[in-house]
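> could you look at this predicted model? Sequence included:
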Amino acid sequence: MKYRLEMLFTKISHVMNIWQATFFAAISWVLGMIAVRTIYLWAISIRDDSLFLKEVTRAIVSLFGPNKYVRVMDSIWVVLINYFIIFLITCLFFSFFYRYMRQKLLKKQLRTINFALHDGKPVDTESFVPEIQELERNIESMRERQNKLMKQEEQAQQARNDLITNVSHDLRTPLTSILGYLSYIHEDRYRDEIELRYYTELVYGKARHLHKLIDDLFSYTRLDSVEYRLKKDELDVIELLSQLVAEYDGQATERNMKIVDHFDAKKLIISGDGNQIMRLFENLFSNALRYGEGDKQIDVSAKQEGNMAVVKVTNYGQEISEIDLPYLFERFYKADKNRTTTGTGLGLAIAKSIVEKHGGIVTAESKNRKTTFIVKLPLI
């Protein structure tokens, strides 16, 4: 009861101040008194004009006596009933004034919000009625979602523009080289067969790089598509990593490097697409070999943390700056701004897409001349 009264007074205070409430309450009480007086006079006139009521009155007077009749008519119950009727009529009139003031206030506050939305300005709704405050919060929430969607659309458009720009650059560079070397060969400008073979090897290398770029681009766009579905099987991460360590050992030896594995578990079983998981770790291994310094090693570790398989691939050498670190997994991003490396700029973006498709996360950290890529995949 106390809570309901507090809520009632709170609602009234949002619509009108104390002076307005007192004024309308007083008017309502006066109107209530007038209404009760009118009803009373109307009832007396009916009683005096009605033969039936006259006979009932005479019967009561003859039964109880005139004094008793007067006392009954003036008893406490009659007084209470009169006051109760006055109270009800007062509440009715006050309710009418309240509704009128409320509608007037709502229209004013809605106009304020409408003008603010038109001008794109925030609205201070602290003094507004609760319903309008809730409406304004919902409108503000919708506006924030709309702004977020617009920002995402702008980012998507920018990403498409960047994609076209980067693809154009990375396709044009090897194509220009290929056309240049082929033109040299076509015009018989080489001195002998040895030089011809040299230029042929250059063209072949550029063509292979172009093929890998197109293949990486296709893989990335396919993984990034919502329609793409993984072919999941039970996979042992330890077995996959052991296989890759053996495969990449020759490349590491050519660079005066070695791959050292640190496996803290015999098996780490996940549910995943075997080809994609293999592609994920191939990209990380290739990245470590490309950017690791000679006479150093690559550390590959795997262990279980809770319900996750945690794999770390670490290479030693020049650190990645804190500025570049957050952007490593973006497509076509290279910490090497001069593009002197032979990578396509899509390897880590593909790795991230594969990990996320499998419900995992991939991060990178670089300090103390050591760069580590950390992959976490859910176990089954």
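Looks like it arrived, so ask away.
> and residue 38, how far from residue 27?
Residue 38 sits at a distance of 16 Å from residue 27 (criterion: Cβ to Cβ, to the nearest Å). From N, CA and C alone the C-beta is placed, and that goes for glycine too.
> more neighbours, those two?
residue 27 (14 against 10; other Cβ atoms under 10 Å).
> where's that one relative to residue 227, distance?
Going from residue 27 to residue 227 by Cβ to Cβ gives 69 Å.
> all helices of this structure, in order?
Secondary structure of the chain by DSSP state H: the helices cover 2-15, 18-49, 51-64, 66-73, 76-119, 130-186, 193-224, 237-254, 274-291, 347-357.
> which of the ones you listed has the lowest mean pLDDT?
Within those, the stretch with the lowest mean pLDDT is helix 2-15, showing a mean of 45.
> dihedrals phi and psi, residue 295?
As for residue 295, its main-chain torsions (degrees, to the nearest 10) stand at phi 60, psi 20.
> that one and residue 174: what is the separation?
When distance is defined by Cβ to Cβ, residue 295 is 31 Å away from residue 174.
> the more surrounded of those two?
Between residue 295 and residue 174, counting by other Cβ under 10 Å, residue 174 is the more crowded of the two (19 against 10).
> hang on, the more buried one packs against residue 212?
No - under the criterion of Cβ atoms under 8 Å, residue 174 is not in contact with residue 212, lying 9.9 Å apart.
> need the nearest residue in space to residue 223, chain neighbours excluded.
Of all residues not flanking residue 223 in the chain, residue 353 sits nearest, at 4.0 Å (Cβ to Cβ, 6 or more residues apart in numbering).
> dump the residue contacts of the one you found.
Neighbour list for residue 353: 220, 223, 224 [criterion: Cβ atoms under 8 Å, 6 or more residues apart in numbering].
> ok, for residue 372, nearest residue in space, not its chain neighbours?
Spatial nearest neighbour of residue 372, chain neighbours left out: residue 314 (4.4 Å); criterion: Cβ to Cβ, 6+ apart.
> was I right to think the one you found contacts residue 370?
Yes - at 6.0 Å, residue 314 and residue 370 qualify as touching, with contact defined as Cβ under 8 Å.
> higher neighbour count, these two?
Per other Cβ under 10 Å, whichever of residue 314 and residue 370 has more neighbours is residue 314, with 20 against 15.
> report the beta-bridge partners for that one.
Taking DSSP bridges, one finds residue 299, residue 372 as the beta-bridge partners of residue 314.
> and this structure, what are its domains?
What automatic domain parsing lists as the domains of the chain is 2-128, 145-224, 233-378.
> buried sites along stretch 166-182?
166, 170, 174, 177, 178, 181 (16 or more other Cβ atoms under 10 Å).
> quick one: contacts for the residue nearest to residue 372?
With contacts defined as Cβ under 8 Å, 6+ apart, residue 314 is in contact with 288, 298, 299, 300, 301, 370, 371, 372, 373.
> chain neighbours aside, what residue packs nearest to the fifth one?
Think residue 301. If the residues on either side of it in the chain are set aside, residue 301 comes closest to residue 262, at 4.0 Å by Cβ to Cβ, 6+ apart.
> okay, now the one you found: neighbour count?
When counting by other Cβ under 10 Å, one arrives at 11 neighbours for residue 262.
> residue 242: what's its closest spatial neighbour, skipping adjacent residues?
Residue 242 sits nearest to residue 261 (Cβ to Cβ, 6+ apart), 7.0 Å away.
> tell me what that neighbour is bridged to.
With DSSP bridges as the rule, residue 261 is bridged to residue 300.
> I figured it hits residue 300, correct?
Yes - the pair residue 261 and residue 300 passes the contact test of Cβ under 8 Å, sitting 4.8 Å apart.
> now do the shared contacts for these two.
Listed as contacting both residue 261 and residue 300 by Cβ under 8 Å, 6+ apart are 241, 245.
> for these two, work out which one has more neighbours and name it.
Counting neighbours by other Cβ under 10 Å for residue 261 and for residue 300 shows that residue 300 has the greater number, 23 against 15.
> quick one: contacts for the more buried one?
For residue 300, the contact set (Cβ under 8 Å, 6+ apart) comprises 241, 245, 259, 260, 261, 262, 285, 311, 312, 313, 314.
> quick check: PyMOL command selecting the buried ones in those.
For anyone working in PyMOL, the buried entries among those, judged by 16+ other Cβ under 10 Å, can be selected with:
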select buried, resi 241+245+259+285+311+312+313+314
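> which one of the contacts of residue 300 is nearest to residue 89?
Proximity of these to residue 89, judged by Cβ to Cβ, is greatest for residue 311, which lies at 80.7 Å.
> that closest one against residue 281, yeah?
Yes - taking Cβ under 8 Å as the definition, residue 311 is a contact partner of residue 281 at 7.4 Å.
> now do the shared contacts for these two.
241, 375.
> buried residues in stretch 362-374?
Neighbour-count burial for stretch 362-374, counted by 16+ other Cβ under 10 Å, picks out 362, 364, 366, 371, 372, 373.
> same question for stretch 200-220.
Applying a neighbour-count criterion of 16+ other Cβ under 10 Å, the buried positions in stretch 200-220 are 203, 206, 209, 210, 212, 213, 216, 217, 219, 220.
> and for stretch 286-301?
By neighbour count, with 16+ other Cβ under 10 Å as the criterion, the buried positions of stretch 286-301 are 287, 288, 289, 291, 292, 296, 298, 299, 300, 301.
> and the end-to-end length of that stretch?
When the termini of stretch 286-301 are compared using Cα to Cα, to the nearest Å, they are 16 Å apart.
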